[in-house]
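>>> here's a sequence, model it:
(2 chains)
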Amino acid sequence: MGDVAFHTATTVDEALALLGDGSDARVVAGGSDLIVQARHGKSLPGTVIAIHRIDALRSLTSNGDLVVGALTSHATLCADDAVRSNWTAIADASALVGSHATRNVGTLGGNVMNASPAMETGGPLIVLGASVTLRSAAGDREVAIEELWTGPGKTSAKPGEICVAVTVPAQPAHTGSAYVRLEYRRAMEIAIVGASACVTLDDDGNVTAAKVALTALAPTIIRSPAAEAAIIGTDGNDEALAAVTAGASADAKPISDLRANEDYRRAMAGVIAKRAVAVAAQRARGEEFPIPATPVFMKGSGQ
Amino acid sequence: MKHAATLTVNGMAYPVELEGDTTLVRAIRDDIGLTGTKEGCDDCECGACMVMIDGRPVNSCTYLALQAVGSEVTTVEGLADGETLSNLQSAFLDQGGVQCGFCTPGMLVSAHALLRENADPTEEEVRLALGGNLCRCTGYTKIASAVMQAAKASV
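Have a look, this model is predicted:
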């Protein structure tokens, strides 16, 4: 760390003016990514612009579409009744981020712009069809979430742009969603693998639409076309779920690292994707399933 | 580049001069001189640096000190009433929830925040709320017992 200028912006315009062309400045909200990265060799830029006091970016509205101000914390997201009912996979994911302390300061905007292929909320945003609003001096532009991430830690945002909101469309009737993570422990964990699913049923309980996304299984979070094709047009029976398992494992592009090897990740991709699809279908049928959908294994919990 | 600022910690205003990249834990320990808050992993993993910012637990090793300007910071020193320990602190002593002591300030801050939100938690809720605080000595059982004792004492 070195000689760093620090500013606190209270409006987006002020933050944009301080950011300039973005060549030697970055914004910080909760700090849980930027400050950790700074200690791991990525030095801070010459200017840090704190945006955590921009109250206008803290709004959360759900009249029709869900519009999440970029500074909305994970703690707020996983406690919000509308998110839990209608965009449940986002609640599943937000509830698993870090610890209570991380969820208090970590923001959805920061999470999205950090572009980790292991981020919890990314898969849910993909299967729910989200987009982000990027603002610069030139105005706002809307980017589909799948177009935003270009690699680990890389986005298609231009220097000088700030993420101001994430918009998630209203979902059709009989739609359910879920995010499931394979974890070694609950707190301060990074997904070994994760899977998200969003499933829409017709009146007879047959799947008319489905999206499946895989987390920590490729350089960015990816869709699994094979898993989606396996469930669409079925009633979610065991045979269809077995095909989801095979499809997700086939679509995964895992790496080996100290947390898990490639073969284990590929095998678990299928298992976790199957669980996510099953829970999403259950929720689409109106059946209750606990949030987060990943159970906690603890002495005496009976799980 | 030094920035003059005022940090409010445990109800006291401290004038400080801080670099833009100074973390809150360094400011609390080095500039203000309150050494109860510990720097453990310095990587947002272990929870030894836990403080409350406006009543919510935050890892102070990954929070820029200058971002806390305008907020109320509470450290472990702010939990006792002068020389009188809080029920929670006494319960840690009663139950033997302290061994080497390095994680204790963070444990106390997380548990304090939990009991303010949920005065009568289950043991599972206690363990989940302390999930961001690592202890390498106790095995957690006596820490969980201490928080349960404090909850019973104040319900």
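
>>> going forward, measure contacts and count neighbours with C-alpha atoms only.
OK.

>>> for residue A:270, what are its contacts?
Residue A:270 makes contacts with A:244, A:245, A:246, A:247, A:248, A:249, as judged by Cα atoms under 8 Å, 6 or more residues apart in numbering or on different chains.

>>> which of the residues you listed are close to chain B?
Residues of these in contact with chain B (Cα under 8 Å from any Cα of the partner chain): none.

>>> is the spatially closest residue to residue A:140 that is not a sequence neighbour in a bridge, and if so with what?
Residue nearest to residue A:140 in three dimensions, not counting chain neighbours: residue A:134, with 5.6 Å by Cα to Cα, 6 or more residues apart in numbering or on different chains. Bridge pairing for residue A:134 (DSSP bridges) gives the partners residue A:141, residue A:163.

>>> what residues are up against residue A:134?
Residues near residue A:134 by Cα under 8 Å, 6+ apart: A:140, A:141, A:142, A:143, A:157, A:161, A:162, A:163, A:164, A:165.

>>> cool, residue A:169 as well?
Residue A:169 touches A:64, A:65, A:66, A:128, A:129, A:130, counting by Cα under 8 Å, 6+ apart.

>>> close enough to count as contact, residue A:261 and residue A:255?
Yes: applying Cα atoms under 8 Å, one finds residue A:261 in contact with residue A:255, separated by 6.7 Å.

>>> who's more crowded, these two?
residue A:255 (16 against 13; other Cα atoms under 10 Å in any protein chain shown).

>>> pLDDT score for that one?
Confidence at residue A:255, expressed as pLDDT, is 96.

>>> with the one 5 residues further on instead?
The predicted local distance difference test score for residue A:260 is 96.

>>> quick one: the nearest residue to it once chain neighbours are set aside from residue B:1, how far?
Closest residue in space to residue A:260, ignoring its immediate chain neighbours: residue A:192 at 6.8 Å, by Cα to Cα, 6+ apart. Going from residue A:192 to residue B:1 by Cα to Cα, to the nearest Å gives 41 Å.

>>> and these two? which has more neighbours close in?
residue A:192 (20 against 13).

>>> my read: the more buried one touches residue A:259, true?
Yes: checked against Cα under 8 Å, the pair residue A:192 and residue A:259 is within contact range at 6.7 Å.

>>> what's the domain layout of the chain?
Picking chain A for this. A:5-50, A:55-168, A:175-284 (automatic domain parsing).

>>> oops, chain B please
B:2-78, B:87-154.

>>> and the closest residue to chain A within chain B, helix, strand or coil?
Closest contact between chain B and chain A, by Cα to the nearest Cα, is at residue B:58 (4.4 Å). Of the three states, residue B:58 takes strand under DSSP: H, G, I helix; E, B strand; the rest coil.

>>> which ones are touching residue B:1?
A:3, A:4, A:5, B:19, B:20.

>>> A helix includes residue A:160, no?
No: counting by three-state DSSP, residue A:160 is not part of a helix but coil.

>>> quick one: contacts for it?
Residue A:160 touches A:16, A:19, A:20, A:21, A:22, A:23, A:136, A:137, counting by Cα under 8 Å, 6+ apart.

>>> let's have those in TSV, adding distance to chain B and secondary structure.
Output for these, formatted as TSV (distance: Cα to the nearest Cα, whole Å; DSSP: H, G, I helix; E, B strand; the rest coil):
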residue	distance to chain B	secondary structure
A:16	18	helix
A:19	15	helix
A:20	18	coil
A:21	20	coil
A:22	18	coil
A:23	18	coil
A:136	23	strand
A:137	25	coil
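
>>> and the two most separated of those?
Greatest spacing in those, by Cα to Cα: A:23 and A:137 (14.7 Å).

>>> residue of the stretch 151-300 of chain A closest to chain B, please.
residue A:187 (5.1 Å).

>>> doesn't residue A:98 make contact with that residue?
Yes: contact criterion Cα under 8 Å: residue A:187 and residue A:98 qualify, at 5.5 Å.

>>> what do those two both touch?
In contact with both residue A:187 and residue A:98: residue B:132, using Cα under 8 Å, 6+ apart.

>>> give the buried residues for the worst-scoring helix or strand of chain A on mean pLDDT.
Ranked by mean pLDDT, DSSP states H and E, the helix or strand of chain A with the weakest confidence is helix A:34-39, at a mean of 84. Neighbour-count burial for helix A:34-39, with 16 or more other Cα atoms under 10 Å in any protein chain shown as criterion, is recorded at A:34, A:35, A:36.

>>> tell me how far the first one lies from residue A:113.
In this case it means residue A:34. 11 Å.

>>> how many neighbouring residues does residue 143 have?
Looking at chain A here, since you left the chain open. What residue A:143 shows, counting by other Cα under 10 Å, is a neighbour count of 16.

>>> meant chain B, my bad for not saying
Neighbour count for residue B:143, taken as other Cα under 10 Å: 26.

>>> quick check, it in a strand?
No: looking at residue B:143 with three-state DSSP, it is helix, so not inside a strand.

>>> residue ranges with poor pLDDT in chain B?
B:155 (pLDDT under 70).

>>> enumerate the residues of the stretch 1-150 of chain A near chain B.
A:1-6, A:8, A:30-32, A:35-36, A:39, A:44, A:48, A:50, A:52, A:98-102, A:104-105.

>>> residue in the stretch 101-250 of chain A nearest to chain B?
Taking Cα to the nearest Cα, the stretch 101-250 of chain A has residue A:101 as its residue nearest chain B, at 4.4 Å.

>>> that residue reaches residue B:59, doesn't it?
Yes: applying Cα under 8 Å, one finds residue A:101 in contact with residue B:59, separated by 6.1 Å.

>>> who has more neighbours, those two?
More neighbours surround residue B:59 than the other of residue A:101 and residue B:59, with 32 against 28 (other Cα under 10 Å).

>>> quick one: what helix or strand has the closest residue to the residue of chain B closest to chain A other than its chain neighbours in it?
Among residues not flanking residue B:58 along the chain, residue A:101 sits closest, at 4.4 Å (Cα to Cα, 6+ apart). Using DSSP states H and E, residue A:101 maps to helix A:100-105.

>>> what does that helix rub up against?
A:29-32, A:73-76, A:94-95, A:97, B:50, B:56-59, B:129, B:132.

>>> now, those residues that are in helices?
A:74, A:75, A:76, A:94, B:129 (DSSP state H).

>>> will you turn those into a markdown table that also has distance to residue A:239 and neighbour count?
What follows is these, written out as a markdown table (distance: Cα to Cα, whole Å; neighbours: other Cα atoms under 10 Å in any protein chain shown):
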| residue | distance to residue A:239 | neighbour count |
| --- | --- | --- |
| A:74 | 36 | 27 |
| A:75 | 37 | 22 |
| A:76 | 38 | 18 |
| A:94 | 31 | 28 |
| B:129 | 39 | 21 |
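
>>> give the contact list for residue 40.
Picking chain A for this. Counting by Cα under 8 Å, 6+ apart, residue A:40 has no contacts.

>>> not quite, I wanted chain B
With Cα under 8 Å, 6+ apart, residue B:40 has these contacts: B:46, B:47, B:48, B:49.
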